[in-house]
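Undergrad: I need the structure of the sequence given here:
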Amino acid sequence: MREGWFTEAIEDEGVAFSLAIDEKVHDEHSGYQHIEVYRTRRWGRLLVLDGCVMVTERDEFLYHEMMAHPALFAHRDPQRIAIIGGGDCGILREVLRHTEVAHALQVELDERVTRVAEAHFPDLCTANDDPRAELRFGDGVRWVRDTEPESLDVMIVDSTDPVGPAAGLFTKEFLADARRALAPGGIVVQQSESPLLHGESVIAPLHRAAAEAGFDGVHTLTFPVPSYPSGWWSATLMVNGGDPRNFREADSEAKPFATRYYNADIHRAALATPELLR
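TA: Numbers count the residues shown, from 1 in each chain. Have a look, this model is predicted:
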């Protein structure tokens, strides 16, 4: 790393992303990963896990809004929500903007990520004390496997890249367990990496795994996240009965909370399928 800069290099793709930094404000090795926080010159605070950018304060809203709101507006009545991963709590914040949500459980493997976020990214953690929120720390794959059938309306899988412990979240076995946990009409949304860099290696296999797990509606939506590899990201919606492209458009247009990126027009546009994903 050049002095005064943080750089994440994607060696296989011959590309890197850099941010000018003023100082490192946190550095620890948890039982699972290396956690760092930097104060950047123009992008606010930066959360890094094992050398990979997870969150910058400048563009986090893009990812967190698009991982939460399309799925919740695609469900007819999302009351029971589970977030697998999501230790920075940004998705929990977005989920609990929906007043119809009765309970949102976050299952994060590494408690230290959440505690570091609470200390250094308070804007991400504004919903942590909401009485509808429940924070649980443990293995999300195991929790999904053991959870009560038909007990959830929406499951949001906010994982790191599909390597190491997160690899299990991209398998047909995990998705079959997730489908079993959903009530009829339930939805899983999973971050599915960059359409430009990972279309064949992540998105296409995820679609196959979802079909093999029994989901009858699978669709990938895309959106920008400048600080993630290639700057173009995706989330894949999987529906247990129905079409993931259908959503409560009138409710989305009349949403009673403020967002910085998501709206009904953005939702419609994100559902368009680029040619390279067809």
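Undergrad: Test my guess that Asp153 contacts Val188.
TA: No. Counting by CB atoms under 8 Å, Asp153 does not reach Val188; the two are 10.7 Å apart. For every residue, glycine as well, the C-beta is placed using N, CA and C.
Undergrad: Give the residues shared as contacts by these two.
TA: Leu182 (CB atoms under 8 Å, 6 or more residues apart in numbering).
Undergrad: Please identify which of the two sits among more neighbours.
TA: Val188 (29 against 25; other CB atoms under 10 Å).
Undergrad: Next, the more buried one: secondary structure please.
TA: strand (DSSP: H, G, I helix; E, B strand; the rest coil).
Undergrad: try Gly31
TA: Classification of Gly31 by three-state DSSP places it in coil.
Undergrad: Number of residues surrounding the nearest residue to it once chain neighbours are set aside?
TA: Excluding the flanking residues, the one nearest Gly31 by CB to CB, 6 or more residues apart in numbering is Asp110, at 7.3 Å. If you count neighbours by other CB under 10 Å, Asp110 ends up with 18.
Undergrad: Was I right to think Asp110 contacts Gly85?
TA: No. Counting by CB under 8 Å, Asp110 stays clear of Gly85, with 9.4 Å between them.
Undergrad: rewinding a little: pLDDT value on the residue nearest to Gly31, please?
TA: As predicted, Asp110 sits at a pLDDT of 97.
Undergrad: list the contacts for Leu271?
TA: Leu271 is in contact with 219, 221, 245, counting by CB under 8 Å, 6+ apart.
Undergrad: okay, the second one: pLDDT?
TA: At Leu221 the predicted local confidence, pLDDT, stands at 97.
Undergrad: before we move on, what SS does it have?
TA: With three-state DSSP as the criterion, Leu221 reads strand.
Undergrad: which residues does it bridge with?
TA: Ala235 (DSSP bridges).
Undergrad: Report the contact partners of it.
TA: With contact set as CB under 8 Å, 6+ apart, Leu221 has these partners: 66, 70, 234-237, 270-271.
Undergrad: In these, which residue is surrounded by the most others?
TA: The contacts of Leu221, ranked by neighbours (other CB under 10 Å): first place Met66, 27 neighbours.
Undergrad: I'd assumed it was in a helix, is it?
TA: Yes. Under three-state DSSP, Met66 falls within a helix.
Undergrad: In contact with the nearest residue to it once chain neighbours are set aside, which residues?
TA: Of all residues not flanking Met66 in the chain, Phe223 sits nearest, at 4.5 Å (CB to CB, 6+ apart). Counting by CB under 8 Å, 6+ apart, Phe223 makes contact with 62-63, 66, 232-235, 261, 266, 270.
Undergrad: same deal with Thr114?
TA: Per CB under 8 Å, 6+ apart, neighbours of Thr114: 87-89, 108, 125, 135, 137.
Undergrad: could I get the residues you listed as a markdown table with distance to Phe6 and neighbour count?
TA: Formatted as a markdown table, the contacts of Thr114 follow (distance: CB to CB, whole Å; neighbours: other CB atoms under 10 Å):
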| residue | distance to Phe6 | neighbour count |
| --- | --- | --- |
| Gly87 | 20 | 29 |
| Asp88 | 17 | 26 |
| Cys89 | 22 | 27 |
| Glu108 | 24 | 23 |
| Cys125 | 22 | 21 |
| Leu135 | 28 | 18 |
| Phe137 | 27 | 16 |
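Undergrad: just those residues now: which is nearest Ser18?
TA: Ranked by distance to Ser18 (CB to CB), the contacts of Thr114 are led by Asp88 at 21.2 Å.
Undergrad: so what's the closest residue to that closest one other than its chain neighbours up against?
TA: Distances taken as CB to CB, 6+ apart place Ala117 nearest to Asp88, at 4.5 Å, with adjacent residues excluded. When contacts are counted by CB under 8 Å, 6+ apart, Ala117 touches 47, 55, 87-89, 124-125.
Undergrad: same deal with Ile81?
TA: Residues counted as contacts of Ile81 (CB under 8 Å, 6+ apart) are 72, 95, 101, 103-105, 152-156.
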